[in-house]
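In: Predicted structure and sequence below. I'll ask about it afterward.
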Amino acid sequence: MAQVPDLNSLIPAGEGSAAGRIIQLVAMLTVLSLAPGLLVMVTSFTRIVVALSFLRSGIGLQSTPANLIMISLALFMTFYVMAPTFDRAWKDGVQPLTRNEISEEEAFTKITDPFKEFMQAHVRDKDLKLLDDLAVEHMQLKSENGEVSLRVLIPAFMISELRRGFEIGFLIALPFLVIDMIVATLTMSMGMMMLPPTVLSLPFKVLFFVLIDGWNMLVGGLVRSFF
């Protein structure tokens, strides 16, 4: 006779029924699969990668540095900026959960609290109010005990980060635009109509960025913008 194993023996022990624990496992696997997207949404990655993209576009280099280099630099800068938040989430939420000292619900709260504090420290009040008003008006979602829901805080934080990233990008691209205008004026005055100004301005822009130690200034400015 075939033996049908008990479902409770095939899944990790925990509170609730076997079906409830299966749903928890599926939800946990879903969160882990969405981890790259969550990294973009709730950390400093958005502002950093937008600023680096403006830098490459301002210089006029389409593939240098390569996308792998740019994304890797943005990731490691994100880990550097978010280190206190990651450490707190790990010590207060993940480690007690792996030791079965707290429940999944309590662990979720302790893990998300550091990220909520980080987002609330950098979100614009105007963006937060906009999303909060829209949630109350169209989805009937109200803040509980004065706390902002993640469904409201995350999109507001992303909008704020995009705005700051574009502000930084404007400041990055402005000097290179001036160099392009100077070179274009000189080439036009010399009658060099057939030579694209970008061909002549590219070496000057690269030289200018190297002479001012641009990478040091950019990385330092981006990191300081979060503190």
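Out: All right, it came through fine. Residues are numbered from 1 along each chain as shown.
In: Chain neighbours aside, what residue packs nearest to the residue nearest to the spatial centre of the chain?
Out: What sits nearest the mean C-alpha location of the chain, by C-alpha atoms, centre = their mean, is F45, with 2.8 Å. Residue nearest to F45 in three dimensions, not counting chain neighbours: T78, with 4.5 Å by C-beta to C-beta, 6 or more residues apart in numbering. Every residue, glycine included, has its C-beta placed from N, CA and C.
In: Am I right that that neighbour is in contact with M41?
Out: No. Between T78 and M41 there is no contact under C-beta atoms under 8 Å: 11.9 Å.
In: so after the longest helix that the chain contains, what's the next helix or strand?
Out: Longest helix in the chain, counting residues (DSSP state H): helix 150-189. Per DSSP states H and E, the first helix or strand lying C-terminal to helix 150-189 is helix 197-211.
In: how about that following helix: buried residues?
Out: P197, L200, S201, L202, K205, V206, F208, F209 (16 or more other C-beta atoms under 10 Å).
In: want to throw those into CSV with distance to F108 and pLDDT?
Out: Converted to CSV, the buried residues of helix 197-211 look like this (distance: C-beta to C-beta, whole Å; pLDDT from 0 to 100):
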residue, distance to F108, pLDDT
P197, 55, 74
L200, 57, 80
S201, 52, 83
L202, 50, 85
K205, 48, 89
V206, 48, 88
F208, 49, 88
F209, 44, 88
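In: Take those and lay them out in CSV including distance to R151.
Out: As requested, the buried residues of helix 197-211 are exported to CSV (distance: C-beta to C-beta, whole Å):
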residue, distance to R151
P197, 48
L200, 51
S201, 46
L202, 45
K205, 43
V206, 44
F208, 45
F209, 41
